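J.: After the sequence you'll find the predicted model.
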Amino acid sequence: MVLDLEREVEGLKKAKLEIDKKAKDLERKIGVLEMKETEEKARKLGVVPEKGSILEEKLNLGEALRESEEKTRSMESNILKLQKKVKEAKNIVKSFTEKANEAVNEAVNEMDNEAKAKGLNGLKPQWPVVAASTGAIAAAAVVIFVCYGKRT
């Protein structure tokens, strides 16, 4: 019962934080709208704000806010693009790793079969060495992908 109450309190705290965040966002939006309204009134009246006046400061802040929002949207777009590229790179690395593992396994099986044909007991590959070579191949594939990706 105590755990349920603690969870409920945590849930209420999170809800309060979200409401506070939304309130701040709405206050910011109201401020932006007030700036736009002030700009429009000034333009209609043909008023040029005096240097250092509150109106000029508000106009400058409004412009800076709009520029900041544009930069934020641009950065978010770039982040999404980079996340897609990372996902593609992971898929390529996974594919290269699988192919490298297959190639190593085929080579080991081939060598084992040749050894058996010659009357030997067969090969007992040292798996740390095999894993390291596979990792090296995968790392080389990542380097190639990154270098190629920077050109495009």
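T.: Here it is on my side, so go on.
J.: residues near residue 141, how many?
T.: 19 (other C-beta atoms under 10 Å). (Each C-beta comes from the backbone N, C-alpha and C, glycine too.)
J.: I meant to write residue 66 there.
T.: 13.
J.: Number the chain from 27, please
T.: Noted, 27 is the first residue going forward, which turns the last one into residue 92.
J.: Ignoring the adjacent residues along the chain, who's closest to it?
T.: Spatial nearest neighbour of residue 92, chain neighbours left out: residue 58 (7.7 Å); criterion: C-beta to C-beta, 6 or more residues apart in numbering.
J.: residues in contact with the one you found?
T.: 88, 91-92 (C-beta atoms under 8 Å, 6 or more residues apart in numbering).
J.: Now do the helices in this protein.
T.: Using DSSP state H, the helices of the chain run over 28-71, 80-143, 153-177.
J.: quick one: the residue nearest the centre of the chain from residue 102, how far?
T.: Against the mean C-alpha coordinate of the chain, by C-alpha atoms, centre = their mean, the closest residue is residue 109 at 4.4 Å. With distances taken as C-beta to C-beta, to the nearest Å, residue 109 is found 11 Å from residue 102.
J.: now do residue 68
T.: Where residue 102 is concerned, residue 68 sits at a distance of 32 Å (C-beta to C-beta).
J.: Could you report the pLDDT at residue 71?
T.: Turning to residue 71, the model gives it a pLDDT of 74.
J.: Please report the number of neighbouring residues for it.
T.: For residue 71, using other C-beta under 10 Å, the count is 8.
J.: can you check residue 134 too?
T.: 15.
J.: now swap in the one 5 residues further on and tell me
T.: Using other C-beta under 10 Å, residue 139 has 12 other residues around it.
J.: for the one 3 residues further on, same thing?
T.: The tally of other residues near residue 142 (other C-beta under 10 Å) stands at 12.
J.: before we move on, what about residue 168?
T.: Neighbour tally, residue 168, other C-beta under 10 Å: 15.
J.: Where does pLDDT dip in this protein?
T.: Applying pLDDT under 70 to the chain flags residues 27-31, 73-79, 81, 141, 145-160, 174-178.
J.: Quickly note the distance from residue 88 to residue 50.
T.: Going from residue 88 to residue 50 by C-beta to C-beta gives 17 Å.
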